[in-house]
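> Need coordinates for the following:
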Amino acid sequence: QVQLVESGGGLVQPGGSLRLSCAASGIIFTIYTMGWYRQAPGKQRELVAIITSGDSTNYADSVKGRFTISRDNAKNTVYLQMNSLKSEDTAVYYCNADVLTTVAVTTSRRAFWGQGTQVTVSS
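Numbering: from 1, shown residues only. The predicted structure is shown next:
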């Protein structure tokens, strides 16, 4: 199986910065798209940013110009640099990866999620 472990969340004041990391481990042949999603209390989970294996990126309008997604393929890790944080960025942030892996004896492409990391923006 594949595990995604996020780190880097915490409490930060408005205008501050945080850097999230998500490392994938397990039986991994290829990682295709990796991304970050977030879910605020009482709201649906939403896309924050994604990055393809070719390093193409896409961002939610609400974070464009403030957040930057990047990846290190040698480390199977995706990052989210968050600058100029606002109170409305407060949420649990989840990592997602589209992975070619082996389940039992079958090689297949599956999506995996991390456990989430809390980001709180407050003065």
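
> Going by C-alpha atoms from here, please, whenever you check contacts or count neighbours.
Noted.

> and the helix or strand of the chain with the lowest mean pLDDT, what other elements does it pack with?
Scoring the helices and strands of the chain by mean pLDDT, DSSP states H and E places strand 106-113 at the bottom, with a mean of 92. For strand 106-113, the elements it packs on are strand 2-7, strand 91-103, judged by 3 or more CA pairs under 8 Å, 6 or more residues apart in numbering; DSSP states H and E.

> Pick the most deeply packed of those.
Highest mean neighbour count of these: strand 91-103, a mean of 21 (counted as mean count of other CA atoms under 10 Å).

> Sheet-wise, list the partners of that one with their directions.
Applying DSSP bridges to the sheet, strand 91-103 is found paired with strand 30-39 (antiparallel), strand 106-113 (antiparallel), strand 117-121 (antiparallel).

> Just the C-alphas of that strand, formatted as CSV.
C-alpha atoms of strand 91-103 as CSV (Å, rounded to 0.1, in the frame of the first residue of the first chain):
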residue,chain,number,x,y,z
ALA,A,91,-8.8,24.5,7.4
VAL,A,92,-7.5,21.0,7.5
TYR,A,93,-5.2,20.5,4.5
TYR,A,94,-5.1,17.1,2.8
CYS,A,95,-2.5,15.7,0.4
ASN,A,96,-3.6,13.6,-2.5
ALA,A,97,-1.5,11.6,-4.9
ASP,A,98,-2.4,9.6,-8.1
VAL,A,99,-0.1,6.6,-7.9
LEU,A,100,0.8,3.5,-9.9
THR,A,101,1.2,0.8,-7.3
THR,A,102,0.7,-2.8,-6.6
VAL,A,103,-2.3,-4.0,-4.6
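
> what about residue 7, distance to residue 46?
Per CA to CA, to the nearest Å, residue 7 is found 19 Å from residue 46.

> How about residue 57?
Where residue 46 is concerned, residue 57 sits at a distance of 16 Å (CA to CA).
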